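Peer 1: 3D, please:
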Amino acid sequence: MWLMLQHVKPEDFVISTNEVHSVRQFVVAAFKKVDIDVVWEGEGVSEVGKNKATGEVLVKVNPKYYRPTEVEFLQGDCSKAKEKLGWKPKYDFDTLVGEMVESDINLMKSRPMA
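Peer 2: Residues are numbered from 1 along each chain as shown. Next up is the predicted model:
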């Protein structure tokens, strides 16, 4: 943001990694951070992600969270920010997932058990 504010004229910039990842890839990476391998079974709304070691269902598809105007493919293009601002991503997918999982673990540790 600081680089954008320092730019000579106001412009819109996309800040992204230029990478594309699916929700499935995110789920697999997140569970991998806590040493759980996920295997997938079923299709569509019947698809589930299970703990490979125990068979426990960890993830279910829920149509309630479908977005009716979902775009099939999203990819940020940060080339303008790189070119005009000299900006580059500091995080890659794996690092971002790791920080998100770590944050959730810390949040759960800070909450009293019900």
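Peer 1: And the helices in the protein?
Peer 2: 2-6, 23-33, 79-85, 93-110 (DSSP state H).
Peer 1: center of this structure - which residue?
Peer 2: Centre of the chain computed as the mean C-alpha position; nearest residue by Cα atoms, centre = their mean is residue 26, 5.3 Å away.
Peer 1: Pretty sure residue 96 is one of the things that one touches, is it not?
Peer 2: No. Residue 26 is beyond contact range of residue 96, at 9.3 Å (criterion: Cβ atoms under 8 Å). For glycine as for every other residue, the C-beta is placed from the backbone atoms N, C-alpha and C.
Peer 1: rewinding a little: got the contact list for the nearest residue to the residue nearest to the centre of the chain once chain neighbours are set aside?
Peer 2: Excluding the flanking residues, the one nearest residue 26 by Cβ to Cβ, 6 or more residues apart in numbering is residue 97, at 6.4 Å. When contacts are counted by Cβ atoms under 8 Å, 6 or more residues apart in numbering, residue 97 touches 26, 29, 30, 33.
Peer 1: Now these in a markdown table, please, with extra columns for distance to residue 16 and pLDDT.
Peer 2: Below are those laid out as a markdown table (distance: Cβ to Cβ, whole Å; pLDDT from 0 to 100):
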| residue | distance to residue 16 | pLDDT |
| --- | --- | --- |
| 26 | 15 | 96 |
| 29 | 18 | 98 |
| 30 | 20 | 98 |
| 33 | 22 | 97 |
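Peer 1: Would you mind checking those for buried ones?
Peer 2: 29, 30, 33 (16 or more other Cβ atoms under 10 Å).
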